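> curious how this folds, go ahead:
(2 chains)
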Amino acid sequence: MSQNPLRLLLDVDNRFQRDRDQTPAFLHRRDRRFALDCEQQGISPTPAHWLDHMQRLSGPGSADQAGRTALRQWRRINSGFAAAGALFGVLTMAGLLFYDGGQRINITVLLAFVLLQLLLALATTAQSIMGWQPWRWLSKRLSIPPPGSALAPLQPALMARAGHTGGVAFAFTSLLTLLILLVIQDLAFGWSTTLDTAAQGYHRLLQTIAAPWAFVWPAAAPSQELIEATRFFRAAPTSAGTTPERWGQWWPFVVMLWVTWVLVPRMILLALSHWLTGRKARQLLHSHPGMQALLYRMETPTLDTGNQHNDAADLPDVRTQAKISELCNTRHLICWAGAGEPELPRQLTTHNSQILKAGGRASLIEDDHVLATLATDLAKETSPAVILVTRSWEPPTGELCDFLDQAMELWPAGSRVMILPLANDANQSPKNHLVQPWLRFTERLPEGFATVALLPLSPGAPYQSAGASTS
Amino acid sequence: MTQPPVFAVVGHPNKGKSSVVATLSQNDAIAIALEPGTTRASQRYPLTVDGRQLYTLTDTPGFQRPRRVLQWLEAHSLSASDHPDTVRAFVLQHKGDERYIDECELLSPIIEGAGIIYVVDGSVPYSAEHEAEMTILRWTGRPSLALINSIGPDDYSDVWQAALGQFFQVVRKFDAVRAPFDQHLSLLRTFGQLEPHWEQPLDEATLLLSEQRNQRQRQAASMIARALEDLMSYQEKRTLTLDQVASTSEATLADILRDRWYKRQRRREQSLRIDIEHLYQHQRITRQEAELEWANQHDLFSEDTRQHWAVSKKYLATAGFGAGAMGGAGVDALTFGSSLGTGALVGGLIGAAGSYFYGDRLLLPALNIGPLQNGLQSASFGPVQDSQFGYVILGRAVDHWWHISHRNHAGRGLLALEPADQHWLEQLDKTSRREIQRTLDRCRKQRPLNHSQRQILALSIAQAMAAYDNWRLNRG
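Next up, the predicted model:
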């Protein structure tokens, strides 16, 4: 499991990038499932657990290589800073302690250098906290980090960390150099300044500087006598009355000065930069839009509205061979399922029309009666035909099919049925899409038995009551 | 534990039962046709939350022989108390009988405990011929609700309402194709009121559906924001060898790159359309929309597209002022306020002036030819330097989103995206205007957005979507 906040941030960001093209529904299902599994197992669904789960499912080698590369790059930068710091540490200390037996090594110069180091260290941290990046042009040119990387907002903190790593290496190797030089050479320290400073004032300054270690190692806090005895002026190269070993008595102070005001602050600030980087990485992870979306997906139940079933392609065959035929002249009419109510068009009603009702509200016995009546009447005709008036908008049902099946059995051979679908406004033709199902209905009946006909249009024709003229 | 409620959607053939189910289950892959008998078997559409069913809609075939069924029932019943058992007996006896296959399919879920949703078409006249069906349903003794759907343009719903009231506990009008989402939820709540223990699951379902819709709107805003960023910052690049440099004129190269640039931009816009449609579970939409196109070499879009979707110069000036002022405020911050806000004012004025003067010109992105390096030369086209491009993309995307989010899954018609005039964006609040303008500026300068800027853009676009919705509502 990824414990390092930086690696976690990179890995999670990489996962979110990979999820970019996934559908929201899939992501929701996946992450909600993970949250529910965690709940069952009593585990908290943290980002680290989530990432671990994703990587486990993806199998070995699924870890983010770009993230690994970015972290390796930063490790290399840190190592580079450390190496450079170590080298400069040796060179700087060797330079500061250069002593050819002539001049003394000026403690005041050492103090100034330590102050400079301290200020640089503090500035590095302050700069990272404020997010100021004076070296941005360089990192941009070197593509550190690559464009769009999740590490971009961490750049100041990471640079501060690298800087402090170099600073610690610098302080450490320079301390080692100091100790080695102390052992292998006799160093003569003294203090010197152009300012008209009395030894007393200088002593007070050094006492303040040495305060952190004076109680632990009193010998490392220079006495006033030592200060008075080791002042030198370049214009007066020899200091009469000072024994040569007296010049070397400064070394404990120099060592503790370096340890306390260079090495320790750098180490503290390095630790602080590590902590700040981790905290910032956790903050970035928490405020990452992908993380907020992930938490939402884990917390919110998935909703499936029942959209899995797909039969859109399974549509009935609507190819139609049958054609609309002409309405033949017959006096036998059946109004099916309330068709022709309240009025039938006048064209259908002649003085001797036989208008019968079946289907719909009529009972099945009444239907049988209609069939029997027509069977008797049609038997007397040479070309038996019946007009079956229907409502075009009420599609043919099984009941009509049964009725016509019975009619075929009962009526004389050669009888024909003309299905006449009426529009809601009987003066208008029914819409084509309403007629088509009727045509296909006749195709399903034995050939030649039933056809579909339409009423010739005669606008303004008065209506005839369906029940007014029955024979 | 009580079983989750099941609702059998029943009725006469071709009255829109499948349309009602398609809309409520947000499934545009249910076969719907103006052909009786399109639904030949009952089909269950469960609504599940984390795999737990809250309710199920069952689409059924229509009644084919109701009078014959009723005759059978009446012949086998002694009193009203045995009606439900008699219906059960009918189904048991006629299972596998070809003549009653539809009746058995539609009555089976009801005798197993489903509530009845009886669908009629309110656009055709009431017909007492449906009474046999309604009587059979009443015999089942199950809680029932009648829905008056409207397939055609006419309206006979009042007559239907009065008649259905005699057979059903509740009668509601519901246009499966046009009903707004609030009505879907209201209808589902009504389903819950049919039985006391159905109320809780239906309330939970409506709450979750409502939350899902809000979440979809937020996701749509993020998708549009991402596409806007992609489209505004896209640069078409090509690396040329020395031979190619010699054989291709600058004008030809510009044409090739511009052509590729447009093609890619169109593809990206299309992928946004599909993402939004899939987000709202529309998988089968046929869409008609004017392509991003340009009229001549000096114009990014045809005059029509520009007039319809681009924002006015006044709008650009105000948004530009806001964006410029934000930049200028940085100067004030650096001087710890000693500039007394003049940074913001000057920045604002520069932004406003720039936007105003360039606002009516849709400039093409320029062709850039890089220096010769290692025998290769790079040429690039884009990103577009005119923020109007972003507003056109935004206008088209928000319009498409609006149509999709308001489209019911029963709708099978062509989605024709007609251009609207530009005034809708002017209802947007100043902060959102400014944020959108700032993002467009960043993108055209190829400055990548960070997470927080992306979030702000998505929020601003969500505001723009709300403004558009409001504008549509008030436009009527």
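> do you know the pLDDT at A:Ala198?
Per-residue confidence (pLDDT) for A:Ala198: 75.
> the strands in chain B, which residues?
B:6-11, B:43-49, B:52-59, B:115-121, B:144-149, B:170-173, B:236-241, B:287-288, B:367-373, B:376-381, B:415-416 (DSSP state E).
> out of those, which is the most enclosed?
Among the strands of chain B, strand B:6-11 has the highest mean neighbour count (mean count of other CB atoms under 10 Å in any protein chain shown), at a mean of 27. In short, each C-beta sits where N, CA and C put it, glycine included.
> neighbouring contacts of it?
With CB atoms under 8 Å, 6 or more residues apart in numbering or on different chains as the test, strand B:6-11 has contacts from B:17, B:20-21, B:42, B:44, B:55-60, B:62-63, B:106, B:109-110, B:112-120, B:133, B:137, B:191.
> so who does whichever residue of the stretch 1-150 of chain A sits closest to chain B touch?
Nearest residue of the stretch 1-150 of chain A to chain B, counting by CB to the nearest CB: A:Pro24, 5.2 Å away. By CB under 8 Å, 6+ apart, the contact list for A:Pro24 reads B:216, B:219, B:279.
> show me the contacts for the last one.
Listed by CB under 8 Å, 6+ apart, the contact partners of B:Leu279 are A:23-24, B:216, B:219-220, B:223.
> how about the second one?
For B:Gln219, the contacting residues are A:24, B:279, taking CB under 8 Å, 6+ apart as the criterion.
> and for A:Ala162?
A:74, A:77-78, A:80-81.
> filter those down to the buried ones.
In the contacts of A:Ala162, burial by neighbour count holds for A:74, A:77-78, A:81, counting by 16 or more other CB atoms under 10 Å in any protein chain shown.
> can you give me the neighbour number for A:Asp37?
Number of residues near A:Asp37 (other CB atoms under 10 Å in any protein chain shown) recorded here: 12.
> likewise A:Val183?
Neighbour tally, A:Val183, other CB under 10 Å: 7.
> burial check on the residue in the stretch 151-300 of chain A that chain B sits nearest to, number of neighbours?
Closest residue of the stretch 151-300 of chain A to chain B, CB to the nearest CB: A:Pro289 (5.2 Å). For A:Pro289, the tally of surrounding residues (other CB under 10 Å) stands at 14.
> test my guess that it contacts B:Arg454.
Yes: A:Pro289 lies in contact with B:Arg454 (CB atoms under 8 Å); the separation is 6.4 Å.
> mind listing the shared neighbours of those two?
B:Ser222.
> is it true that A:Asn424 lies in a helix?
No: per DSSP: H, G, I helix; E, B strand; the rest coil, A:Asn424 lies outside any helix segment and is coil.
> let me see the backbone angles for it.
phi -60, psi -40 (degrees, to the nearest 10).
> let me see the confidence value for residue 427.
All of this is about chain A. For A:Asn427, the predicted pLDDT is 74.
> looking at chain B here, not the other one
Reported pLDDT for B:Gln427: 84.
> any idea what sits nearest it, other than its immediate chain neighbours?
Closest residue to B:Gln427 apart from its sequence neighbours, by CB to CB, 6 or more residues apart in numbering or on different chains: B:Ala467 at 4.4 Å.
> against A:Ser287, how distant is that neighbour?
27 Å (CB to CB, to the nearest Å).
> so which of those two has more stuff around it?
The residue with more neighbours, out of B:Ala467 and A:Ser287, is B:Ala467; 19 against 13, by other CB under 10 Å.
> wait, that one touches B:His423, no?
No: in this structure B:Ala467 lies outside contact range of B:His423 using CB under 8 Å: 10.4 Å.
> of the contacts of A:Ala162, closest to A:Val259?
Each of these was scored against A:Val259 by CB to CB, and A:Phe81 proved nearest at 20.9 Å.
> the closest one touches A:Met159, doesn't it?
No: at 9.4 Å, A:Phe81 and A:Met159 do not qualify as touching, with contact defined as CB under 8 Å.
> and the residue of the stretch 151-300 of chain A closest to chain B, what pLDDT?
84.
> next, the contact list for it, please.
Per CB under 8 Å, 6+ apart, neighbours of A:Pro289: B:222, B:451, B:454-455, B:458.
> can we see that at 7 Å?
Going by CB atoms under 7 Å, 6 or more residues apart in numbering or on different chains, A:Pro289 touches B:451, B:454-455.
> filter these down to the ones in helices?
Among the contacts of A:Pro289, the members found in helices (DSSP state H) are B:451, B:454-455.
> same list (these) but as TSV, adding distance to chain A and pLDDT.
Putting the ones in helices among the contacts of A:Pro289 into TSV (distance: CB to the nearest CB, whole Å; pLDDT from 0 to 100) gives the following:
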residue	distance to chain A	pLDDT
B:His451	5	82
B:Arg454	6	90
B:Gln455	5	90
